[in-house]
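please find the sequence and the predicted model below.
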Amino acid sequence: MTKLSVNINKIATLRNSRGGDLPNVVAFAKDVQRFGAEGVTVHPRPDERHIRYQDAYDLKPEVYTEYNIEGNPIPKFIDMVLEIKPTQVTLVPDSIDAITSNAGWDTIKHKDFLVEVIKEFKQNGIRTSIFVDPVLEQIEGAKVTGTDRIELYTEAFAHQYGLGNESAIEPYTACAELANRLNLGVNAGHDLSLDNIKFFKDHIPGLLEVSIGHALISESLYLGVENVIQMYLHKLK
Ligand SMILES: CC(=O)[C@@H](O)[C@H](O)COP(=O)(O)O
Ligand SMILES: NCC(=O)COP(=O)(O)O
């Protein structure tokens, strides 16, 4: 079964835009779980443009589904995650000034670093996932790092699928098949949406989790949060 983890970064974006506490991030996380979400994802970035480090702490007691914290494993991030001990940490190699996550790890070049960081999280009972491009060699490299899971970076698929190029799924299917053979869990995220999620899910064997934020929140502006979450859950069945 593929779990839906709702990324609530954009709720924090809206909150921060006025400097107050509306919409309340914790209240929204409680509501999405009540509406059926099977996880909550946040991606606190060093500049705290949306989710703040304090949000990550505040959410911990309120997330009773799966709590996924994403980010670049800089020391401050590592320390925070070790304190919070979420269900899962997803390591993303994005630069401080990136407008959003824009690449997966080079699991071969950064093997030694990833082995060390992943070991520390796993020793603290935190499930690990690393953000990767759909490249077979990178999946093989991910296995060597000792990570529990990979998260397939799906921006390229979403863009091409939106242009009508269904063949864009092929590298993702091949990488998922390899991950399954290597006993690596398969997550996916970035630019997944109501338009592309069923096609994606149907072509990814063993897909355990999708984390979706930007499109889900945008769709909710027109269709309502509870309705959109139920629509995703139906498409993920
Ligand atoms: C790793 C990933 O794809 C998401 O966490 C994405 O980075 C969302 O970040 P923003 O909400 O800052 O775009
Ligand atoms: N890991 C992907 C994520 O959490 C949300 O990405 P997006 O749906 O906001 O592009």
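Perfect, I can see it now. Ligands and ions are numbered 1, 2, ... in the order given.

what's the burial count for residue 203?
15 (other CB atoms under 10 Å). All C-beta atoms are positioned from the backbone trio N, CA, C, and that covers glycine.

ok, now how distant is it from residue 170?
As judged by CB to CB, to the nearest Å, residue 203 and residue 170 stand 8 Å apart.

swap in residue 220?
Residue 220 sits 31 Å away from residue 170, going by CB to CB.

these two: which is more packed in?
Between residue 220 and residue 170, counting by other CB under 10 Å, residue 220 is the more crowded of the two (17 against 12).

the more buried one: what's it in contact with?
Listed by CB atoms under 8 Å, 6 or more residues apart in numbering, the contact set of residue 220 reads 227, 228.

you'd agree residue 157 is up against residue 196?
Yes - taking contacts as CB atoms under 8 Å, residue 157 lies within contact range of residue 196: 7.3 Å.

of these two, who's got more company?
residue 157 (27 against 22).

and the pLDDT for that one?
On pLDDT, residue 157 comes in at 98.

what is the burial count for the residue nearest to it when sequence neighbours are not counted?
Spatial nearest neighbour of residue 157, excluding adjacent residues (CB to CB, 6 or more residues apart in numbering): residue 168 at 4.9 Å. When neighbours are counted by other CB under 10 Å, residue 168 registers 20.

give me the three-state assignment for residue 168.
Here residue 168 is recorded as helix under DSSP: H, G, I helix; E, B strand; the rest coil.

against ligand 2, how distant is it?
16 Å (CB to the nearest ligand atom, to the nearest Å).

need the contact list for the residue of the chain found nearest ligand 2.
Closest residue of the chain to ligand 2, CB to the nearest ligand atom: residue 189 (2.7 Å). Residue 189 makes contacts with 7, 41, 151, 152, 153, 154, 210, 211, 212, as judged by CB under 8 Å, 6+ apart.

which element, helix or strand, includes the closest residue to it other than its chain neighbours?
Closest residue in space to residue 189, ignoring its immediate chain neighbours: residue 211 at 4.0 Å, by CB to CB, 6+ apart. Residue 211 belongs to strand 207-212 when assigned by DSSP states H and E.

need the mean per-residue confidence for that strand.
The predicted model assigns strand 207-212 a mean pLDDT of 98.

now do the most centrally placed residue in the chain against residue 192, distance only.
In the chain, the C-alpha nearest the mean C-alpha coordinate belongs to residue 211, at 4.3 Å (CA atoms, centre = their mean). From residue 211 across to residue 192, the span is 8 Å (CB to CB).

quick one: residue 219 is in a helix?
Yes - when classified by three-state DSSP, residue 219 is found to be part of a helix.

tell me which residues touch the nearest residue to it once chain neighbours are set aside, please.
Once flanking residues are discounted, residue 219 sits nearest to residue 228: 4.9 Å by CB to CB, 6+ apart. By CB under 8 Å, 6+ apart, the contact set of residue 228 is 194, 216, 219, 220.
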